[in-house]
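S.K.: Pasting a predicted model and its sequence here:
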Amino acid sequence: MTDKTMTADEAVSRLRSGMTLGIGGWGSRRKPMALVRALLRTEITDLTIVSYGGPDVGMLAAAGRIRKLVAAFVTLDSIPLEPHYRAARERGAFELMEIDEAMFMWGLRAAANRLPFLPARAGIGSDVMRVNPGLRTVTSPYDDGETFVAMPALRLDAALVHVNRADRLGNGQYLGPDPYFDDLFCEAAETAYASCEQVVDTAELTKAAAPQSLLIKRHSVTGVVEAPNGAHFTSCAPDYGRDEAVQKEYATTPWPEFAERYLPGRTP
């Protein structure tokens, strides 16, 4: 058994420019913002970001760190369209692969199972094939002969996620109403770093919550970062809700000014 605890800066020090990086959470909910802020304090760039996007994508886009984005959406939830993402996209700052939410999940699942692709009905009959000409279809070899989208695996060099509780070994627990897909992000990645509100003893994880709340298994986690309030300004239910005041400030403030205020110690 190995103690995997480390600081946010130690976790991101293991990342490199040019990586494909998956970021867990959903929109402006349970995003690993302490890890994203630590990443923004480095010079790491030229990233392919895979995310059900929220302010993680907006911040990295505003800072010019993204080469390619794979996403189903980029939203702040209570603010429907992420403004910093929109500005970067409008100026053509990075390549975009926009796909259906279920296709995204299937791509993570394929990568988690080390498969090259998985067949999906999602996307059939939509413009997803037109806007992503690299996608292919596959025909069932059985009597039904149905045609599916062959959703390619979303293989990740590294993943960043945030959970409510974790132990030092890498077991991670969610306590809110939705697991999102953080377990798939970790399993689809070569390395995965989980921040949490609190590191507790392993036995404590199931004292107040059911065993199925143990979303992330230690075999898929490389590092554990204790980061109280580590999803702020996004929500981390039931520990805290979204900080709407700071989110509104973020959405209406030019990026350099916001970064100056909220990314202390960043690399110039």
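M.R.: Looks like it came in fine. Numbers count the residues shown, from 1 in each chain.
S.K.: so who does Glu10 touch?
M.R.: Shown in contact with Glu10 (Cβ atoms under 8 Å, 6 or more residues apart in numbering): Gly223. Placement of C-beta: from N, CA and C, glycine included.
S.K.: Checking my notes, it in a helix, right?
M.R.: Yes: with DSSP: H, G, I helix; E, B strand; the rest coil as the criterion, Glu10 is located in a helix.
S.K.: how close does it get to Ala38?
M.R.: 9 Å (Cβ to Cβ, to the nearest Å).
S.K.: got it, and Glu257?
M.R.: In terms of Cβ to Cβ, Glu257 sits 20 Å off from Ala38.
S.K.: Just want to know which of these two has more residues nearby.
M.R.: More crowded of Glu257 and Ala38, by other Cβ atoms under 10 Å: Ala38, with 26 against 10.
S.K.: where does that one sit relative to Ser235, distance-wise?
M.R.: Counting by Cβ to Cβ, the separation of Ala38 from Ser235 is 20 Å.
S.K.: Could you list the buried residues of the strand or helix carrying Arg89?
M.R.: According to DSSP states H and E, Arg89 maps onto helix 83-90. The neighbour-count check on helix 83-90 (16 or more other Cβ atoms under 10 Å) flags 83-85, 88-89 as buried.
S.K.: mind listing what Arg67 touches?
M.R.: Contacts of Arg67 (Cβ under 8 Å, 6+ apart): 18, 45-48, 94-95.
S.K.: so who does Ala120 touch?
M.R.: Contacts of Ala120 by Cβ under 8 Å, 6+ apart are 100, 102-103, 106, 148-149, 151.
S.K.: which of those count as buried?
M.R.: Using 16+ other Cβ under 10 Å as the burial test, these include 100, 103, 106, 148-149, 151 as buried.
S.K.: Could you tell me which of the residues you listed belong to strands?
M.R.: With DSSP state E as the criterion, strands contain 148-149, 151 from among the buried ones among the contacts of Ala120.
S.K.: Make JSON lines from those residues and add pLDDT and distance to Ala71 to it.
M.R.: Below are those laid out as JSON lines (pLDDT from 0 to 100; distance: Cβ to Cβ, whole Å):
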{"residue": "Phe148", "pLDDT": "97", "distance to Ala71": "22"}
{"residue": "Val149", "pLDDT": "97", "distance to Ala71": "17"}
{"residue": "Met151", "pLDDT": "98", "distance to Ala71": "14"}
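S.K.: separation between Asp167 and Tyr180?
M.R.: 20 Å.
S.K.: ditto for Ile124
M.R.: Counting by Cβ to Cβ, the gap from Ile124 to Tyr180 is 25 Å.
S.K.: So these two - more neighbours on which side?
M.R.: Set side by side, Ile124 and Tyr180 show more neighbours around Tyr180, with 21 against 14, by other Cβ under 10 Å.
S.K.: for the stretch 1-150 of the chain, what are the low-confidence residue spans?
M.R.: Judged by pLDDT under 70, the stretch 1-150 of the chain has no weakly predicted residues.
S.K.: Okay, strands next: where are they in it?
M.R.: 20-23, 47-51, 66-71, 95-98, 117-120, 136-139, 147-152 (DSSP state E, counting those that start in this stretch).
S.K.: Turn those strands into TSV, columns for distance to Gly241.
M.R.: Below are the strands of the stretch 1-150 of the chain laid out as TSV (distance: least, Cβ to Cβ, whole Å):
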stretch	distance to Gly241
strand 20-23	20
strand 47-51	21
strand 66-71	24
strand 95-98	29
strand 117-120	33
strand 136-139	42
strand 147-152	33
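S.K.: and of these, who's closest to Ala158?
M.R.: For Ala158, the closest of the strands of the stretch 1-150 of the chain is strand 20-23, at 5.4 Å, according to Cβ to Cβ.
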